[in-house]
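Asks: 3D, please:
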Amino acid sequence: MSSSLDSGPDAGLGSGSSSGWFTEVFDSHGSAFSLKVTEKLHEVQSPYQHLEVYATETYGNLMVLDGCVMLSDRDNFLYHEMIAHPALFTHAAPRRVVIIGGGDCGTLREVLRHPGVEKVTQIDIDEEVTLAAERFFPALTASNDDPRAELMFADGVQWIEEAGDESVDVLIIDSTDPVGPAEGLFKTDFLRRCHRVLRPGGVLVQQSESPLYHSGTIIRELRRDMREAGFDSVATLPFPQPVYPSGWWSVTLAGKALDVTAFRETDVTAHELPLDYYTVEAHRGALALPPFMRRLLEE
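Replies: Numbering: from 1, shown residues only. Now for the predicted structure:
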């Protein structure tokens with residue numbers, strides 16, 4: 001994927017001024033996504049990736065890593081709620097949660113909404129992402145001072161390698177695309193280590209790309225690798241995400257001695273969490289995969 005700033009709605013994909021249109025091009029699928037921006041707020045080259053933050057006309061602030069859209073003010077609640085709450089409501093009683101990635105801290109905030117959670121450790125390799133989130137997306141980092149939260153800036157793959165056996169209830173792999181710093185988070189060996197770290201009844205959840213673009217490739221391979229790693233059940237949950245490729249995204253759950261196609265529906269109905277998307281109906285609907293996905297995942 002590539003990106004550019006265009007000087008107007010009819011501009012090409014060359015360089016442009018600091019105002020205009022931010023465009024992310026998905027060459028492999030012949031598509032692109034654009035947002036009209038008013039200014040560049042921040043830019044830094046960390047040891048791991050190129051980070052930019054833009055102000056947009058209609059989506060609030062926009063974070064971009066290596067030219068790929070990571071999140072916007074307007075629609076990040078969709079991703080953060082769906083990567084956190086289905087997994088937490090699938091586990092019988094999650095107390096110890098670990099997030100690999102998630103440096104913008106939106107997933108951390110959602111996990112900490114659950115009063116039964118006793119400790120959440122977030123491990124992201126790039127501190128610059130969290131620093132940018134604190135400046136430009138303060139709503140996402142509002143729970144960082146919660147005494148149950150532990151923020152670490154380290155290699156998540158190495159952390160899992162060194163973690164104790166059966167020490168975690170829920171593992172959330174909140175990664176970028178499976179390239180660069182996040183590539184190791186999609187490997188079978190890493191998933192085996194995740195299985196080892198989880199307690200019986202534990203849940204692993206991983207962002208798993210676009211159902212429209214990647215059902216027959218990345219998602220199918222991830223589900224296969226999860227089973228090969230020892231997980232007893234898998235479930236992929238699609239949901240809308242306007243700023244991501246195709247406007248449609250997914251997370252994939254895997255259970256250790258647990259059926260991840262069932263969840264605590266009564267608790268979801270009874271909760272009083274201040275959510276904007278996730279409901280018992282949204283969870284049920286996401287589990288009911290459309291026929292084209294079922295066909296591609298079974299091939």
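
Asks: C-alpha only now, for contacts and for neighbours.
Replies: Will do.

Asks: so who does residue 75 touch?
Replies: 59, 241, 242, 243 (Cα atoms under 8 Å, 6 or more residues apart in numbering).

Asks: So which of those wins on neighbours?
Replies: Within those, most neighbours by other Cα atoms under 10 Å means residue 243, with 23 neighbours.

Asks: Tell me which residues touch that one, please.
Replies: Residue 243 makes contacts with 33, 69, 71, 72, 75, as judged by Cα under 8 Å, 6+ apart.

Asks: Below-threshold pLDDT in the stretch 1-150 of the chain: ranges please.
Replies: For the stretch 1-150 of the chain, residues meeting the criterion pLDDT under 70 lie at 1-19.

Asks: Can you list the residue ranges for helices in it?
Replies: 76-90, 106-111, 127-136 (DSSP state H, counting those that start in this stretch).

Asks: can you dump the C-alpha coordinates of the first one into PDB?
Replies: To tie it back to what came earlier, the one meant is helix 76-90. Presented in PDB, the C-alpha positions along helix 76-90 are these (Å, rounded to 0.1, in the frame of the first residue of the first chain):
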ATOM      1  CA  ASN A  76     -12.000   4.100  15.900                       C
ATOM      2  CA  PHE A  77     -14.700   3.000  18.400                       C
ATOM      3  CA  LEU A  78     -15.700   0.300  15.900                       C
ATOM      4  CA  TYR A  79     -12.300  -1.400  16.000                       C
ATOM      5  CA  HIS A  80     -11.500  -0.900  19.600                       C
ATOM      6  CA  GLU A  81     -14.800  -2.200  20.900                       C
ATOM      7  CA  MET A  82     -14.800  -5.300  18.600                       C
ATOM      8  CA  ILE A  83     -11.200  -6.300  19.300                       C
ATOM      9  CA  ALA A  84     -11.800  -6.100  23.100                       C
ATOM     10  CA  HIS A  85     -15.400  -6.900  24.100                       C
ATOM     11  CA  PRO A  86     -16.200 -10.100  22.200                       C
ATOM     12  CA  ALA A  87     -13.100 -11.700  23.600                       C
ATOM     13  CA  LEU A  88     -13.700 -10.500  27.200                       C
ATOM     14  CA  PHE A  89     -17.400 -11.600  27.100                       C
ATOM     15  CA  THR A  90     -16.400 -15.000  25.600                       C
END
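
Asks: Any chance you could list what contacts it?
Replies: 94, 106-107, 110-111, 170, 172, 174, 203-207, 239-241, 251, 253, 260, 262-265, 267-268, 275-278, 283.

Asks: Is it correct that residue 137 is in contact with residue 63?
Replies: No: between residue 137 and residue 63 there is no contact under Cα atoms under 8 Å: 9.2 Å.

Asks: Can you show me the strands along the chain?
Replies: Using DSSP state E, the strands found in the chain span residues 2-6, 20-26, 31-45, 50-56, 61-65, 68-72, 96-101, 119-124, 149-153, 168-174, 198-207, 233-240, 248-255.

Asks: Show me the residue at the heart of the chain, geometrically.
Replies: The residue lying closest to the centre of the chain (Cα atoms, centre = their mean) is residue 174, at 3.9 Å.

Asks: how much space is there between that one and residue 122?
Replies: 10 Å (Cα to Cα, to the nearest Å).

Asks: what sits in contact with each of the two?
Replies: 99, 100, 101, 102.

Asks: what sits against the nearest residue to the last one once chain neighbours are set aside?
Replies: Read it as residue 102. If the residues on either side of it in the chain are set aside, residue 102 comes closest to residue 174, at 5.0 Å by Cα to Cα, 6 or more residues apart in numbering. With contact taken as Cα under 8 Å, 6+ apart, residue 174 is in contact with 83, 99, 100, 101, 102, 107, 206, 207.
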